[in-house]
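J.: Sharing a model prediction with you, sequence too.
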Amino acid sequence: MTILRSEIVDQAIDLATGRREKFLKEIVLARGDVPLCFVRKRRADGRPPRATVLLIHGFGQNRYTWHLPSRSFANHLASVGYDVWNLDLRGHGRSRRVGAPRPQNLAEYIEEDLPRALEEVHRTTKRDDLFMIGHSLGGLISYASAPLAPGLVQGLVTIGSPYQFTLGSTTLKTIAGVLGLLERAGLPLANVPLPIRAIGRGMRFARRYMESPLYPVRLRGWHKGAIEPDVLAEHLTYAFDLASFEVMRTMFSWSGGKAFGGGVASEIDGLSYAERFEQCRLPLLVIAGTGDDLAPPASVEPAYLRSRSPDKQYRELPLGHIDLIVGRDAPRSTWPMVERWLDARTSMLRKGAAAANGGWDEELP
């Protein structure tokens, strides 16, 4: 790990309520064949962190999924005592700027980026209390990757992550059907870059139309009225990035009622992504939005139903895909829900450490 920059910053947690705080911010680079960048945030008061959190963004996004100038889930987690690592996957955000190429396939995220990120964070912090939080596709790659790092990950939270992609959405099923027809016809589908950032700019200007009764497609990233226009504009400007057509094609190929991963066997252990996740017994919190057009509850809940974890929870909130993270009600719904879940499990970890140390844990306040 190389720290490219370290500074104390005064940043917003939620400007709508005037919440701000000082943080120790570090830009961290994990060097290698594919460099990966993180933004690490901790409280500036020097108190030991409660635990470590790795944030994983979704398809065509970047670290700004979790951190906008006016509303920041990453800052909230840091403010309540967590050591927060906000990752840019290969081909996205800072990782792209330091030379990480656009992904050639979805497996690169799952079997290379996430395991390496987990190892690097663990090597740097030297702590055994790492939790993963993934949004959308970030949750899917977390499902497949977490079991690859036994002992490094203590729990998993997913937000708006469609375990059975397209289920519950007629529009997405139609797109999946068209892509399937093209593949069966033998039409070559090149792995071209998808200009998600330009799409975000267009959505900024088309917001009123997309929220009107005239908009013909029920496929927005937000639930009408659930996010302020200025906050939505920030998200569409900062969090929308580039994407790979092959990654999108793979996601759609997993649809049609197939299990997560489409039955694809991993080169690492021979298990399919679904088998690997469903056998995993890590604590699990699955959150869905009833206003989510991209990942309706019908597509998200199967992860909870199929998981064999003895400690699993499923929750639904009346929010859309983006709203779950940075919507008007997220600081009063999603954020405290995740915080309470993390607090309970980090408390159990500390009690276990205390018992192993003869009843005394030096990190307890």
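T.: Okay, I see it.

J.: Where does pLDDT dip in the stretch 151-300 of the chain?
T.: 187-188, 256-259, 261-269 (pLDDT under 70).

J.: ranges for the strands of it?
T.: 153-159, 193-194, 243-244, 284-289 (DSSP state E, counting those that start in this stretch).

J.: Could you dump the ones you listed into TSV and include mean neighbour count?
T.: To be clear about C-beta, it is placed using only N, CA and C from the backbone, and glycine gets the same treatment. Below are the strands of the stretch 151-300 of the chain laid out as TSV (neighbours: other C-beta atoms under 10 Å):
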stretch	mean neighbour count
strand 153-159	26
strand 193-194	15
strand 243-244	24
strand 284-289	26
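
J.: now these in a markdown table, with distance to Gly99?
T.: Shown next, in a markdown table, are these (distance: least, C-beta to C-beta, whole Å):
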| stretch | distance to Gly99 |
| --- | --- |
| strand 153-159 | 27 |
| strand 193-194 | 16 |
| strand 243-244 | 16 |
| strand 284-289 | 34 |
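
J.: does Arg42 count as helix, strand or coil?
T.: What DSSP: H, G, I helix; E, B strand; the rest coil gives for Arg42 is strand.

J.: who's it bridged to?
T.: Note on Arg42: beta-bridge partners by DSSP bridges are Leu24.

J.: so how far is Phe252 from it?
T.: 39 Å (C-beta to C-beta, to the nearest Å).

J.: gap between the closest residue to Leu167 other than its chain neighbours and Thr174?
T.: Nearest residue to Leu167, sequence neighbours excluded (C-beta to C-beta, 6 or more residues apart in numbering): Ser299, at 4.1 Å. Separation of Ser299 from Thr174 (C-beta to C-beta) stands at 15 Å.

J.: Between those two, which is the more surrounded one?
T.: Ser299 (23 against 12; other C-beta atoms under 10 Å).

J.: my read: that one touches Thr166, true?
T.: Yes. Counting by C-beta atoms under 8 Å, Thr166 is a contact partner of Ser299 at 6.8 Å.

J.: I'd like the distance from the closest residue to Arg90 other than its chain neighbours to Val247, if you could.
T.: Sequence neighbours aside, Ala100 is the residue nearest to Arg90 in space, at 4.1 Å (criterion: C-beta to C-beta, 6+ apart). Look at Ala100 and Val247: by C-beta to C-beta, they are 14 Å apart.

J.: next one: Ser6
T.: Taken as C-beta to C-beta, the span from Ser6 to Val247 is 33 Å.
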